[in-house]
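> Below is the sequence, then the predicted model.
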Amino acid sequence: TDMSTPKKSNVYTRTGDKGTTSLYTGERRSKDDVIFEALGDTDELNSAVGLAREHCIISKNQLEGYLCEIQSLLMDVGAAIATPRTSSSQSKLDYTEFDGSNIAKLEGWIDLLDSELPPLKNFILPGGGQSNATLHLCRSICRRAERHIIPLQRDNTVSDNVPIFINRLSDFFFVAARYAAHKENATETIYQRVPVVPSKQ
């Protein structure tokens with residue numbers, strides 16, 4: 001058995017040990033910069049979508065293909081966020097530009113899935129099978145990502161296509177969660193206001 005020291009992995013570089021990391025442009029910023037807040041949210045969202053996709057594969061609810069494509073699109077969103085419009089070369093901006101046609105694609109998916117669902121007449125609670133629950137988790141993480149992307153839109157760090165896509169994506173997750181429950185014959189729980197029990201004096 002070869003007991004020699006293995007070659008250093010490329011996974012760790014030690015370049016971020018002092019609390020900074022690089023954008024696509026090569027510019028280094030603090031890891032708590034607003035750009036990395038947004039990038040962290042999109043990365044977390046992608047992981048959650050991966051979890052949801054696994055549940056959808058098991059349940060065979062026909063959502064797996066959508067979710068796989070969304071994971072790739074979230075990588076593209078991350079590339080756009082990591083290439084600030086205010087300080088990047090035109091060639092890098094052209095390479096990472098997030099295409100607005102992805103927004104129309106999402107809207108088409110939403111319309112298609114929603115057309116198979118009964119009308120929503122009440123507020124519903126997350127949870128109607130494992131696919132439903134994890135897709136609602138994706139929705140709420142997506143909303144947080146949007147909140148961290150809005151400041152980047154405001155100062156022209158990202159194009160309008162990025163926050164619009166993320167906004168529409170949270171709508172997709174809501175409809176997809178309902179669709180999953182519908183396909184799996186799972187019951188969605190209707191919100192009911194919890195009655196107030198009078199305190200004893």
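Cool, the structure landed. Only a predicted model underlies this, so the values are computations on that prediction, with no experimental measurement involved. Numbering: from 1, shown residues only.
> Can you pull the poorly scored residue ranges out of the chain?
Across the chain, the ranges flagged by pLDDT under 70 are 1-3, 24, 30, 201.
> would you list every one of the strands in this protein?
20-22, 28-30, 124-125, 189-190 (DSSP state E).
> Quick one: these as CSV, columns for distance to residue 41 too.
(Glycine included, C-beta is placed from N, CA and C.) Below are the strands of the chain laid out as CSV (distance: least, C-beta to C-beta, whole Å):
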stretch, distance to residue 41
strand 20-22, 16
strand 28-30, 16
strand 124-125, 23
strand 189-190, 27
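> Can you check which of the ones you listed gets nearest to residue 172?
The closest of the strands of the chain to residue 172 is strand 124-125. By C-beta to C-beta, the value is 16.2 Å.
> Sheet-wise, list the partners of the closest one with their directions.
strand 189-190 (antiparallel) (DSSP bridges).
> ok so, going back, in TSV, list the strands of the chain along with distance to residue 94 and mean neighbour count.
Shown next, in TSV, are those (distance: least, C-beta to C-beta, whole Å; neighbours: other C-beta atoms under 10 Å):
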stretch	distance to residue 94	mean neighbour count
strand 20-22	20	15
strand 28-30	22	14
strand 124-125	43	16
strand 189-190	47	12
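> roughly how far apart are the residue nearest the centre of the chain and residue 161?
The C-alpha lying nearest the average C-alpha coordinate of the chain belongs to residue 45 (C-alpha atoms, centre = their mean; 3.6 Å). Going from residue 45 to residue 161 by C-beta to C-beta, to the nearest Å gives 17 Å.
> quick revisit: surely the residue nearest to the centre of the chain is in contact with residue 73?
No: taking contacts as C-beta atoms under 8 Å, residue 45 lies outside contact range of residue 73: 10.9 Å.
> coming back round to it: and the residue nearest to the centre of the chain, how far from residue 109?
Residue 45 is 17 Å from residue 109, by C-beta to C-beta.
> How about residue 176?
8 Å.
> gap between residue 8 and residue 14?
Residue 8 is 10 Å from residue 14, by C-beta to C-beta.
> between those two, what contacts are shared?
Here residue 8 and residue 14 have no joint contacts, going by C-beta atoms under 8 Å, 6 or more residues apart in numbering.
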